[in-house]
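Enquirer: What follows is a predicted structure for the sequence shown.
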Amino acid sequence: MLIIVGLGNPGRKFANNRHNVGFMCVDHLARRWGVRLSQRRRFAVLGQGELEGREVVLAKPRTFVNLSGDAVRYLLSRFGANQEELLIIYDEMDLPLGRIRIRPEGSAAGHNGMKSIISVLDSQDVARVRVGVGRPADNQDEVSYVLGAFSKEEDNLLRETVDRVAEAVAVLLTDGIQQAMNKFNQEPSS
């Protein structure tokens, strides 16, 4: 089993925010794989399916990003899973829009959702896909930036990036994280 959790903030108000790119990726995976995100639980909206003979759970926490660890704790308990069966997808300001970075573990690097998850797991050993959203302009603070919407100019690149994340997750499921890292942790070809 692989539990794939996309981080974001619940509610329409936040739907198109940079901080919700994890939700966007999970929604795209659900459409691509025919998984209905129809189970509304206290801590997450989720759907279950199968890809390449492997059971997958797609989940979007119903907590705010800063409390993502509560949703992860719930999901691991509900499915009797361990952190090796977990993949987190979230926004990353240190990567430009269009880039993704897959890692088998690591620090939170300032991302409050990952801080919460690492705290709950008491470990940094959790696989993740970091999705670049870029940095704010000099006159904009980081919180306003990540809670801001993507511009119309960014929309095409965002769609391409979300599609690359789906391709990377498929490779990770079928060939393992090392193969996914080798293929997708590089500059996308134009």
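Expert: Good, I have the coordinates.

Enquirer: Quick one: the helices in this protein, in order.
Expert: Using DSSP state H, the helices of the chain run over 21-33, 68-79, 112-121, 142-146, 152-175, 177-184.

Enquirer: excluding its backbone neighbours, what's nearest Asp70?
Expert: Nearest non-adjacent residue to Asp70, counting by C-beta to C-beta, 6 or more residues apart in numbering: Thr63, 5.2 Å away. In short, each C-beta sits where N, CA and C put it, glycine included.

Enquirer: List the contacts of that neighbour.
Expert: Residues in contact with Thr63 (C-beta atoms under 8 Å, 6 or more residues apart in numbering) are Pro10, Phe43, Asp70, Ala71.

Enquirer: Just flag the most distant two among the residues you listed.
Expert: Spatial extent of the contacts of Thr63 (C-beta to C-beta) is set by the pair Pro10 and Asp70 at 12.5 Å.

Enquirer: Contact partners for the spatially most central residue of the chain?
Expert: Among the residues of the chain, the one closest to the centroid is Ile89, at 1.6 Å (C-alpha atoms, centre = their mean). By C-beta under 8 Å, 6+ apart, Ile89 lies in contact with 4-7, 21-22, 25-26, 128-129, 131, 165, 169.

Enquirer: ok, of those, which come out buried?
Expert: 4-7, 21-22, 25-26, 128-129, 131, 165, 169 (16 or more other C-beta atoms under 10 Å).

Enquirer: In CSV: these, plus distance to Ser151.
Expert: As requested, the buried ones among the contacts of Ile89 are exported to CSV (distance: C-beta to C-beta, whole Å):
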residue, distance to Ser151
Ile4, 27
Val5, 27
Gly6, 21
Leu7, 21
Val21, 14
Gly22, 19
Cys25, 19
Val26, 22
Arg128, 26
Val129, 23
Val131, 16
Val165, 20
Val169, 26
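
Enquirer: now those residues in JSON lines, with pLDDT?
Expert: JSON lines is the format used below for these (pLDDT from 0 to 100):
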{"residue": "Ile4", "pLDDT": "98"}
{"residue": "Val5", "pLDDT": "98"}
{"residue": "Gly6", "pLDDT": "98"}
{"residue": "Leu7", "pLDDT": "98"}
{"residue": "Val21", "pLDDT": "98"}
{"residue": "Gly22", "pLDDT": "98"}
{"residue": "Cys25", "pLDDT": "98"}
{"residue": "Val26", "pLDDT": "98"}
{"residue": "Arg128", "pLDDT": "98"}
{"residue": "Val129", "pLDDT": "98"}
{"residue": "Val131", "pLDDT": "98"}
{"residue": "Val165", "pLDDT": "98"}
{"residue": "Val169", "pLDDT": "96"}
